[in-house]
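Undergrad: Model the structure of this input:
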Amino acid sequence: MKKQIKLTSIQLTFFIIQTQIGVGILGLPFNVFLVSKNDAWISVLIAGGIVQVIITILWLLARRFPSKSIFEYSKLLAGNVIGVVINIGYLIYGVLVTSLIMMFATAIIKTWALVLTPEWVVMLMLLLPGIYLGKEKVMEISNVYVVVSGLIFLLIIVSIVVLFIYPVDWRYLFPIGATGGVTMLKGAKEAYFSMLGFELLLILYPYFKNNGDWAVLKSVSSANLFVTLVYTFLTISSVVTFSPEELKIVPQPVLYYVKSLYLQVIERVDLLFASLWIVNVITSLTSYLFLITENCSLLFKRVKKIKRVHCTVFWGFSAYIIALLPEKPEEMDILNTWVLNFSYVFVLAIPILFLGISLIFKKKEGESA
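TA: This next block holds a predicted model:
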């Protein structure tokens, strides 16, 4: 595995931001509010804090094997057979997350814009640019992410404008903390799923190790802080814009309050907002296709005929087929639950287990199993 050089901390920060911000940015306020009510914004902050703890754990593990991704040192820590099984598990996890991104993004796009367009066409339009970019190396993907990250600030600016124009009621935020700590933690669980993407640190660390251990931690932490603040701001905006009764029936509150914004030069601001959001969906999709490609390339590295692009195309279309299978919202929720449970295993449980094995048996890079 050849490591690239001249990659900066800024590139890592935007890589994580573009992976974390995706489909969830539109539905997160609704999903968290259903659980935490007016304390939904507190749940988002709690989720950001929990994610930061997990990021620190992942960083402690990755810095013990600075030149290897988790797909490489999994065999060192768990043995060849179990290591391969774990790597296959990460491959399945990446495919399922990719399917989920396409599935939920397509549902929103068809609701707001392309009502009569078949699902398979919409998903294909999301998948093709993801494959085109996902087959590339970290340098190329990072450069694109840095450029398109400016669109996130446009989304924030539009939301700020809405707060000044649309009649809001700040009393909807009170009383603060009335729902209780347990309920806010349950809401944090809903917010956590929309923040996934930070786990790519386990495969990105080797590419950015030349910046230093602490620089990597600061970059990923900065990305998580930015995403947490953006999600918190959008949640607060949604809570003060809609009444509690309204917010219970508004699945994409961000798009709904943007739709109320009237500009003489732009007839449908919500469609402009959705167009910018689609870019973030594609970048998030690309990141997981990159994870799949890195994993697949390592699993089949001895087969010379299999190249990176073959892995990206094959598994990308496998995710595409899976995304087309669910026909009802209940079936989509089942896949969502699967992915959430998978994330507990591959984002939290396995890294903690590996870190424990590494510390107890004093295994680091360069030491034989």
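
Undergrad: Following the chain past the lowest-mean-pLDDT helix or strand in the chain, name the next helix or strand.
TA: The helix or strand of the chain with the lowest confidence, counting by mean pLDDT, DSSP states H and E, is helix 150-165 at a mean of 82. Counting by DSSP states H and E, the next helix or strand C-terminal to helix 150-165 is helix 181-194.

Undergrad: what comes into contact with that next one?
TA: Residues outside helix 181-194 that contact it (CB atoms under 8 Å, 6 or more residues apart in numbering): 20, 22-25, 27-28, 31-32, 34-37, 39-40, 42-44, 46-48, 50-51, 177, 179, 231, 336, 339-340, 343. (C-beta placed from N, C-alpha, C; glycine too.)

Undergrad: what about that helix, average pLDDT?
TA: When pLDDT is averaged over helix 181-194, the result is 92.

Undergrad: again, but for stretch 88-99
TA: Here stretch 88-99 scores 96 as its mean pLDDT.

Undergrad: Now do it: distance to the chain's middle.
TA: 13 Å (CA atoms, centre = their mean, to the nearest Å).

Undergrad: Now do the buried residues in it.
TA: Applying a neighbour-count criterion of 16 or more other CB atoms under 10 Å, the buried positions in stretch 88-99 are Gly89, Tyr90, Leu91, Ile92, Tyr93, Gly94, Val95, Leu96, Val97, Thr98, Ser99.

Undergrad: mind checking the SS state of Arg64?
TA: coil (DSSP: H, G, I helix; E, B strand; the rest coil).

Undergrad: which residues touch it?
TA: Leu355, Ser358, Lys363, Lys364, Glu365.

Undergrad: so the first one makes contact with Thr56?
TA: What it means is Leu355. No - with contact defined as CB atoms under 8 Å, Leu355 and Thr56 do not form a contacting pair (10.5 Å).

Undergrad: In terms of packing, which of these two has more residues around it?
TA: Taking neighbours as other CB atoms under 10 Å, Leu355 and Thr56 compare with Leu355 leading, 17 against 13.

Undergrad: in stretch 232-245, what's buried?
TA: For stretch 232-245, using 16+ other CB under 10 Å, the buried residues are Thr232, Phe233, Leu234, Thr235, Ile236, Ser237, Ser238, Val239, Val240, Thr241, Phe242.

Undergrad: biggest helix in this protein by residues?
TA: For the chain, the helix with the greatest residue count under DSSP state H is helix 80-112.

Undergrad: tilt between that one and helix 181-194?
TA: Helix 80-112 runs at 90 degrees relative to helix 181-194, counting by axes from the mean of the first three to the mean of the last three CA atoms, to 10 degrees.

Undergrad: Quick check: next helix or strand after helix 80-112?
TA: helix 119-134.

Undergrad: What's the mean pLDDT across the helix or strand just after that next one?
TA: Using DSSP H and E, the next helix or strand after helix 119-134 towards the C-terminus is helix 138-148. For helix 138-148, mean pLDDT is 93.

Undergrad: List the buried residues for helix 138-148?
TA: So for helix 138-148, counting by 16+ other CB under 10 Å, buried means Val138, Ile141, Ser142, Val144, Tyr145, Val146.

Undergrad: shaky segments in this protein?
TA: Scanning the chain with the threshold set as pLDDT under 70 gives 1-5, 262-265, 366-369.

Undergrad: Could you rerun that using 50?
TA: Within the chain, the ranges that satisfy pLDDT under 50 run 1-4, 367-369.

Undergrad: Next, format the buried residues of stretch 232-245 as JSON lines and append secondary structure and distance to Tyr256.
TA: What follows is those, written out as JSON lines (DSSP: H, G, I helix; E, B strand; the rest coil; distance: CB to CB, whole Å):
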{"residue": "Thr232", "secondary structure": "helix", "distance to Tyr256": "19"}
{"residue": "Phe233", "secondary structure": "helix", "distance to Tyr256": "16"}
{"residue": "Leu234", "secondary structure": "helix", "distance to Tyr256": "12"}
{"residue": "Thr235", "secondary structure": "helix", "distance to Tyr256": "14"}
{"residue": "Ile236", "secondary structure": "helix", "distance to Tyr256": "15"}
{"residue": "Ser237", "secondary structure": "helix", "distance to Tyr256": "11"}
{"residue": "Ser238", "secondary structure": "helix", "distance to Tyr256": "9"}
{"residue": "Val239", "secondary structure": "helix", "distance to Tyr256": "13"}
{"residue": "Val240", "secondary structure": "helix", "distance to Tyr256": "13"}
{"residue": "Thr241", "secondary structure": "helix", "distance to Tyr256": "8"}
{"residue": "Phe242", "secondary structure": "coil", "distance to Tyr256": "8"}
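
Undergrad: okay if I get those as JSON lines plus distance to Asp169?
TA: Output for the buried residues of stretch 232-245, formatted as JSON lines (distance: CB to CB, whole Å):
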{"residue": "Thr232", "distance to Asp169": "18"}
{"residue": "Phe233", "distance to Asp169": "17"}
{"residue": "Leu234", "distance to Asp169": "17"}
{"residue": "Thr235", "distance to Asp169": "15"}
{"residue": "Ile236", "distance to Asp169": "12"}
{"residue": "Ser237", "distance to Asp169": "12"}
{"residue": "Ser238", "distance to Asp169": "12"}
{"residue": "Val239", "distance to Asp169": "9"}
{"residue": "Val240", "distance to Asp169": "6"}
{"residue": "Thr241", "distance to Asp169": "8"}
{"residue": "Phe242", "distance to Asp169": "9"}
